[in-house]
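Enquirer: Whatever this is, show me its structure:
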Amino acid sequence: MTTLMRTLWTYPKKAWHWLTSMRTALVLLFVLAIAAIPGTILPQRSLNQGNVADYIANNGRLAEIYDQLQLFDVFESTWFNSIFMLLTISLVGCILPRSWDHYQAMKTPPTRAPKSLARLPLHATGMIEKPISEVTAHAHRRLKRWKVAEYQPNQDRAGVFSLAAERGYTRELANLLFHLSLVGMLVTIAAGRMVYYEGMVIIVTESGNYETPPIEQSTEFCNTSTANFDSFRAGPTFDGTGLTTFCFDAHDFSADYLPNGQAEMFTSNISYAIGDDILTPKEEWTDYQLQVNHPLRVAGDRIYLMGHGYAPTFTVTWPNGETRTQTLQFGPEDPTFFLSSGAMRFDPPAGMYPDLFERRQNQIALEGLFAPTAEWGGDNGQLLTSSYPAMRDPAVAIDIYRGDAGLDTGRAQSIFELDDTLIANGQLQRIERVNLQQGEEVTLDDGTTVTFDGASEFANYQISHDPFQPWVLVTTVIMLASLIGSLVIKRRRIWIRLQPSADGTATVVEIAGLARTDRAGWGSEFDDIHRELLGLPDPDDIDEDAEEATPVSVTHPSQ
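Expert: Just a heads-up that it's a prediction; the model follows:
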């Protein structure tokens, strides 16, 4: 039974040693880098679900295979997270034993001197007219910042009383801190991904360009339910409850552009309240100016200003005089000049079409382009493009459809485009294609008018929560600082052998030094130490004759 248990234990032990080896950690790191490549080539649902849907529609069976392999959700996929988890375990299992080794090295006393000090790169000998006790005390004073150990003749390799001194143990401390902080960073990142949540919300602000002010829309967002987000994702342990309770009201959005159209700064003025303060009047909420890279931090959550775009406003007026006005964001196709595309759907008044089926056949749908600063081109001057990202001369180029727009099917539809199947099977029929500038309208064949009223700017806000983020920052800073310390601090050693003269009134001194590098001034530091111990003057203060008379031999690496 004991033999069987040992056999069964052998394989997990070998697997653990294999997993926690540095070679395996490097291989897993390489595999993780390779695994991340599809996430940079293929569209990802976490960034743009519409692009993923378009890719699947355009690439057929191949895209479906990609989807089954989770290549459109690489960084949330099971296989990518498994590789990351194995890498984390491998690094932790690899680093912790090495951390213990560095701790042991930091506590180890200076090693005994080698038998022949003359073979070391730095070496000097001399005689001092002082007893060995005074020379020993002088050496201790000179090396007070060093870690010093004494070795009696029976302990020394050459059978002579010696001192061993070492400096730079902080290097081992820095190595220890680096490894521990690296483990801490990995653990806190992994823990943060387990409990984090992150949501996006688009708010159409009150800033816009209109001849007639549009119907007022809500510009408030409350972080009280995941249903309030336009998109939301969270870690596996987050169940949708426990959101930080706060609300904010987006007052405006403004963008500063360079003459060439490049964005310089985005700004959104908001006011916010936390917890029970939400119930107070909005005039009492706290104001904050939100800018790119200047998030608002609210009770552990962070509100980022991520992007912006335009939301055109259209008014449909039916022959009986009833109107429907709608403002909806269009998706920017040109990230520089913000030529945007989108769609809208309007349900006619119930009074005009009492029959539900008939009313469904007379829905109005719009689809087309919006340009904040219109520029017309093409052979007939009717091709709409945008020449500047700011809203200076807004215009639209739209197709107008009548029919069943799918408003009451219960099936989700894209807000940026109409359902192609409804157009293909004739449920939606195009009745007009027109270009409109702000304030212009078009009259349809039944007397219905469609008016382009103007546009508002919308801002994209991201709400992020990760309670471990401060710890990730702390461990990262410690890791970088300790890495610098481990590279800058040099460990160096000095051995001093002291042997009394025959009459005991003088002491023969032999000094040697060793370091991994000579670049940190170690050679000059050794010269200072051995000259001070031997009572020699500074080399700059002695002439050639005095130097020749000095009974000292010094060996440097160049010799």
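Enquirer: Going along the chain, name the helices of the stretch 101-250 of the chain.
Expert: Using DSSP state H, counting those that start in this stretch, the helices found in the stretch 101-250 of the chain span residues 132-142, 170-195.
Enquirer: meant to ask about the chain
Expert: 2-19, 22-35, 37-41, 49-68, 78-107, 132-142, 170-195, 356-360, 420-424, 469-488, 522-534, 544-549 (DSSP state H).
Enquirer: Could I get these in CSV, plus columns for mean neighbour count and distance to Asn223?
Expert: For the C-beta atoms, the positions are set from N, CA and C on the backbone; glycine is no exception. Converted to CSV, the helices of the chain look like this (neighbours: other Cβ atoms under 10 Å; distance: least, Cβ to Cβ, whole Å):
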stretch, mean neighbour count, distance to Asn223
helix 2-19, 10, 41
helix 22-35, 14, 33
helix 37-41, 12, 28
helix 49-68, 13, 22
helix 78-107, 16, 26
helix 132-142, 15, 65
helix 170-195, 19, 16
helix 356-360, 13, 37
helix 420-424, 13, 36
helix 469-488, 15, 17
helix 522-534, 18, 59
helix 544-549, 9, 79
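Enquirer: Out of those, flag the one nearest Arg119.
Expert: Judged by Cβ to Cβ, the one of those that comes nearest to Arg119 is helix 522-534, at 15.5 Å.
Enquirer: Following the record's annotation, map out the domains of this structure.
Expert: With domains defined by automatic domain parsing, the chain comprises 17-106, 111-167+492-555, 197-465.
Enquirer: now for these, which one comes closest to Leu176?
Expert: Closest among the domains of the chain, using Cβ to Cβ: domain 17-106, at 4.2 Å.
Enquirer: what pairs with the closest residue to Asp287 other than its chain neighbours across the strands?
Expert: In space, Asp287 comes closest to Ser271 once its chain neighbours are excluded; the distance is 5.0 Å by Cβ to Cβ, 6 or more residues apart in numbering. Beta bridges link Ser271 to Asp249, Asp287, judged by DSSP bridges.
Enquirer: Surely Ser271 and Thr280 touch.
Expert: No: checked against Cβ atoms under 8 Å, the pair Ser271 and Thr280 is beyond contact range at 11.0 Å.
Enquirer: residues near the residue nearest to Asp287, how many?
Expert: Neighbour count for Ser271, taken as other Cβ atoms under 10 Å: 17.
Enquirer: ok, it - contacts?
Expert: Phe248, Asp249, His251, Lys282, Trp285, Thr286, Asp287, Tyr288 (Cβ atoms under 8 Å, 6 or more residues apart in numbering).
Enquirer: Check Ile415 and give its pLDDT.
Expert: What the model reports as pLDDT for Ile415 is 82.
Enquirer: Under the pLDDT cut-off, which ranges of this structure? List them.
Expert: Where the chain drops to pLDDT under 70, the residues are 1-9, 50, 206-216, 409-410, 516-523, 539-559.
Enquirer: Can you pull the phi/psi pair for the residue of it most remote from its centre?
Expert: Here the centre of the chain is the reference, and by Cα atoms, centre = their mean the most remote residue is Asp503, at 72.3 Å. Backbone torsions for Asp503, taken as degrees, to the nearest 10, come to phi -90, psi 0.
Enquirer: That one and Pro131, how far apart?
Expert: Look at Asp503 and Pro131: by Cβ to Cβ, to the nearest Å, they are 10 Å apart.
Enquirer: ok, now Thr88?
Expert: 61 Å.
Enquirer: Span of stretch 425-443 from start to end?
Expert: Stretch 425-443 has an end-to-end distance of 25 Å (Cα to Cα, to the nearest Å).
Enquirer: So which bits of that stretch are buried?
Expert: Buried residues in stretch 425-443, defined by neighbour count with 16 or more other Cβ atoms under 10 Å: Gln427, Leu428, Val434, Asn435, Leu436, Gln438, Val442.
Enquirer: Leaving out the residues flanking it, which one is nearest to the fifth one?
Expert: Nearest residue to Leu436 in three dimensions, chain neighbours excluded: Phe452, at 4.1 Å (Cβ to Cβ, 6+ apart).
Enquirer: Am I right that that neighbour is in contact with Gln438?
Expert: Yes: at 6.2 Å, Phe452 counts as touching Gln438 under the criterion of Cβ under 8 Å.
Enquirer: what do these two both touch?
Expert: By Cβ under 8 Å, 6+ apart, the residues touching both Phe452 and Gln438 are Ala395.
Enquirer: got a list of what the residue farthest from the centre of the chain touches?
Expert: Taking Cβ under 8 Å, 6+ apart as the definition, Asp503 has no contacts.
Enquirer: What separation do you get for it and Glu129?
Expert: Taking Cβ to Cβ, one finds Asp503 at 11 Å from Glu129.
Enquirer: Name the nearest residue to Leu296, ignoring sequence neighbours.
Expert: Leu296 sits nearest to Ile303 (Cβ to Cβ, 6+ apart), 4.3 Å away.
Enquirer: Which strand residues bridge the one you found?
Expert: With DSSP bridges as the rule, Ile303 is bridged to Leu296, Ile463.
Enquirer: okay, now it: neighbour count?
Expert: 23.
Enquirer: repeat for Arg112
Expert: Arg112, neighbours per other Cβ under 10 Å, totals 15.
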